[in-house]
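1. just coords:
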């Protein structure tokens, strides 16, 4: 294994779980979150030699993850691979509380760009400026998308729609 591969493997081992959690908050599905993280880290690996400062990768990787998520939503599921009958067994995630289920269900219905802002600002605890850099937009856009996203989220939590 080359030094390049070792450095990448170390970074992947250290950060893939956190990126997977972020991806889950964006898309609301663990399998899709894994796909997003896989696509993100594949893109990172292909650019690994060109990334100038390996010590500050998190903002770059977050931006790639969010761009991948938004692009996937823009182009739809029809371009994705089709699932096979063979399932990979994974450790079960802990059972979420009712409040968490309600919140995650509502978050999944917030528009993608607003959801990305909410996840970065309130889950990742990024500043307005860091969020703007991750999304490639202005601080004003982050503020307005956060306000709209919170309004949407409040409405969805207050008036949940039954999935029945």
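-> Everything's here; your move. This is a predicted model, so every value here is computed, not measured. Numbers count the residues shown, from 1 in each chain.
2. avg pLDDT for whatever helix or strand residue 61 lives in?
-> Using DSSP states H and E, residue 61 sits within helix 57-75. Average pLDDT, helix 57-75: 84.
3. Which parts of that helix count as buried, going by neighbours?
-> Judged by neighbour count (16 or more other C-beta atoms under 10 Å), helix 57-75 contains these buried residues: 57-58, 60-70, 72-73. C-beta: built from backbone N, CA, C; applies to glycine.
4. now, the most widely separated pair of those?
-> Greatest spatial distance in those: 57 and 73, 24.2 Å, computed using C-beta to C-beta.
5. Go ahead and flag the most central residue of the chain.
-> Centroid-nearest residue in the chain, with C-alpha atoms, centre = their mean: residue 23, separated by 2.7 Å.
6. mind checking how far residue 155 is from residue 120?
-> 21 Å (C-beta to C-beta, to the nearest Å).
7. Compare those two and say which is more crowded by neighbours.
-> When neighbours are counted by other C-beta atoms under 10 Å, residue 155 and residue 120 differ, and residue 120 comes out ahead with 27 against 13.
8. Show me the helices in the chain, by range?
-> Using DSSP state H, the helices of the chain run over residues 3-27, 30-46, 57-75, 98-108, 112-118, 128-135, 139-158.
9. how does the chain divide into domains?
-> The domain map for the chain lists 1-78, 94-164, with the assignment taken from automatic domain parsing.
10. any idea how far residue 143 is from residue 137?
-> In terms of C-beta to C-beta, residue 143 sits 10 Å off from residue 137.
11. just residue 51 next, same as before
-> From residue 51 to residue 137 the distance is 22 Å (C-beta to C-beta).
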